[in-house]
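A.B. asks: what follows is a predicted structure for the sequence shown.
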Amino acid sequence: MRPNRREAEQAITTILKYIGENTEREGVIETPKRVIKAWDEMLDGYNTDIEDLFKVFEDGAEGVDQMVIVKDIQVQSFCEHHMIPFFGVAHVAYIPNKKIVGLSKLARVVKAYSHRLQVQERLTNQIADAIEKHLNPIGVAVQIEAQHLCMCYRGVRDPHATTVTTALRGLFKLDGKAREEFFFNIRTGRWIK
């Protein structure tokens with residue numbers, strides 16, 4: 001059973017006491033409420049119905065048989081092992097199969113799954129699997145590049161390490177040329193500002 005807000009705030013107060021903080025100090029009195037409010041926002045992916053994100057269109061998909069790519073979608077998530085943030089970008093591509101989806105929906109799928117406690121490997125696969133399930137495309141490719149604060153500021157303490165994960169489905173997995181085109185496109189062709 002999910003605890004209520006007051007119980008969640010009390011848990012944060014207990015953690016503050018555990019680390020040695022004075023929970024009666026002016027700057028910290030409201031911290032439990034602020035933490036729970038922030039978690040409600042940052043971990044709202046548990047409340048998203050993924051299927052609702054996939055409004056598809058056949059109109060506009062006529063003759064579209066090349067990949068559609070949305071690059072540099074912001075990823076903000078929390079490592080499920082330490083509850084410490086990781087962040088970066090996702091590149092998402094699919095090859096339509098007689099239907100397309102609004103481009104913002106791809107970013108919303110990334111957000112919905114990343115706004116949960118995660119490991120990057122699962123996150124990458126969940127995004128690819130959802131697109132494959134709801135669009136039935138010829139192929140899906142997802143790559144995430146992220147920095148994990150659990151590696152940067154604890155443990156190995158390497159602030160420059162970046163983790164890259166990839167999930168390939170359909171033609172992207174079977175055809176080396178399609179895969180090569182995806183990787184080429186996500187590395188080049190950025191807008192010049």
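C.D. replies: Perfect, I can see it now.

A.B. asks: so who does the most centrally placed residue in the chain touch?
C.D. replies: Nearest to the mean C-alpha position of the chain, by Cα atoms, centre = their mean, lies Ser114 at 3.0 Å. By Cβ atoms under 8 Å, 6 or more residues apart in numbering, Ser114 lies in contact with 45, 75-77, 90, 123. Quick note: C-beta positions are derived from backbone N, CA and C, even for glycine.

A.B. asks: between those, which is nearest Val164?
C.D. replies: Ala90 (11.0 Å; Cβ to Cβ).

A.B. asks: now the helices for the chain?
C.D. replies: Along the chain, counting by DSSP state H, helices occupy 5-18, 31-42, 103-114, 120-135, 149-152, 171-174, 176-187.

A.B. asks: which of those has the lowest average pLDDT?
C.D. replies: The weakest mean pLDDT among those belongs to helix 149-152, with a mean of 91.

A.B. asks: for that helix, packing partners?
C.D. replies: Using 3 or more Cβ pairs under 8 Å, 6 or more residues apart in numbering; DSSP states H and E, the elements in contact with helix 149-152 are strand 85-95.

A.B. asks: against Val119, how distant is Gln126?
C.D. replies: Distance, Gln126 to Val119, by Cβ to Cβ, to the nearest Å: 10 Å.

A.B. asks: count the residues that sit near the closest residue to Ile29 other than its chain neighbours.
C.D. replies: Nearest residue to Ile29, sequence neighbours excluded (Cβ to Cβ, 6 or more residues apart in numbering): Thr23, at 7.3 Å. By the criterion of other Cβ atoms under 10 Å, Thr23 has 14 neighbours.

A.B. asks: lovely, talk soon.
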